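Chemist: Provide a 3D model corresponding to the input given below.
(chains A, B, C and D)
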Protein chains: 2
Amino acid sequence: MPRKLSSEARLAALEEVFRALAHLARRQILLTMHFRGDQMTAGEIAGRFAHSWPTTTRHIRVLELAGLITQTRSGRERIYRLDRDRLAMVNEWLGWFEKAPE
Amino acid sequence: MPRKLSSEARLAALEEVFRALAHLARRQILLTMHFRGDQMTAGEIAGRFAHSWPTTTRHIRVLELAGLITQTRSGRERIYRLDRDRLAMVNEWLGWFEKAPE
DNA sequence: GACTTAATTAGCCATTTTGCTAATTATACG
DNA sequence: CGTATAATTAGCAAAATGGCTAATTAAGTC
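Modeler: Presented below is the predicted three-dimensional model:
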C-alpha cells in the first residue's frame, strides 16, 4: 500500500473518513482507543459500549474501512490500533478554509 | 444565542456538524462558499451543483441546522454565509487526539 | 474430542437519508 | 393586476444506516 495517496484515492478516503466520523459511537470508539494507548481488542471495545457486540463489530468495520483503525490478529483476539494519519486527513481538509494571506 | 455553549449544547452541535460534513455535496458547498468570499445566495449555490435545486435546498438546510452557515434575506434572495467558528469545532474535537506531552 | 471463549457473519426490521418532480410562497417588475 | 423569478415545502421512492438476535467460525482448554 502506497504511503502517499493519489488525489482520487485521497478523495475516496476522505469520503469514508467523514462517513465514519458521522456516528457518535464511532467517534467514541476512536477516543476510547486514544485514551487507552491507541490499541484495544474487539472485546475491550465492545465491553465499553452499551450496544450489542455485533453492532459494535459493525462500527469497528466502518472505522477500519475508513482506514482510521487497523487490525492485527493474535490468537482468537483481534487487536485494533488507531491510525492518526487518517485522522489527520480531516485536519488537512479543514486547512482549505484558512484565510488567504493578506 | 450565547456565544459560549454549554457542554451538552457543544456535544449536540458537534453531532450535527459531523453529520452535515458526512455528505460530499455539503462539504463542497462549504468549500465553494469559502472560495467565493464566504457568502452566496441559494441560487448561486444551486447553480453550481448537478443536483436539482430542491435537493440543494435540503443540503443547505442541513448545513444551517448544524450552524455551519447562517441565513439572511434580501428581497426574494436568501444569502447564506459561512460560519467558521462552527467548522472550528471539528478542529477542537481533533485536539483530543494530540499526544500527551512527555 | 468436547466445550468454552472471542469475534464475526447472516438476516431481519425500523428509521433516516437522499434524490426527484410538482406545488407553493413570496418578492419584483411591467 | 398579471407575470416572472427566487426559493422553499410537500410528497414519494430507492437506498443506506443502525439496531437486534441467532448462527457460524476459529482458537484455546480440559
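
Chemist: show me the contacts for the residue in chain A positioned nearest to DNA strand C.
Modeler: DNA strand C sits closest to A:Gly43 of chain A, with a gap of 1.9 Å, by CB to the nearest atom of the strand. The C-beta positions use only the backbone N, C-alpha and C, and glycine is treated the same way. Shown in contact with A:Gly43 (CB atoms under 8 Å, 6 or more residues apart in numbering or on different chains): A:53, A:77.

Chemist: That one belongs to a helix, doesn't it?
Modeler: Yes. When the secondary structure is assigned by DSSP: H, G, I helix; E, B strand; the rest coil, A:Gly43 falls within a helix.

Chemist: For chain A, which residues are neighbours of DNA strand C?
Modeler: The interface of chain A toward DNA strand C, taken as CB under 7 Å from any atom of the strand, is made up of A:41-44, A:46, A:53-54, A:56-58, A:60-61, A:71, A:76-78.

Chemist: switch to 10 Å and redo it
Modeler: When proximity is defined by CB under 10 Å from any atom of the strand, chain A lies next to DNA strand C at A:19, A:22, A:40-47, A:52-61, A:64, A:71, A:73-80.

Chemist: Which of those residues fall within helices?
Modeler: A:19, A:42-47, A:53-61, A:64 (DSSP state H).

Chemist: among these, which ones are buried?
Modeler: When these are checked for burial by 16 or more other CB atoms under 10 Å in any protein chain shown, the buried set is A:19, A:42, A:45-46, A:56, A:59-60, A:64.
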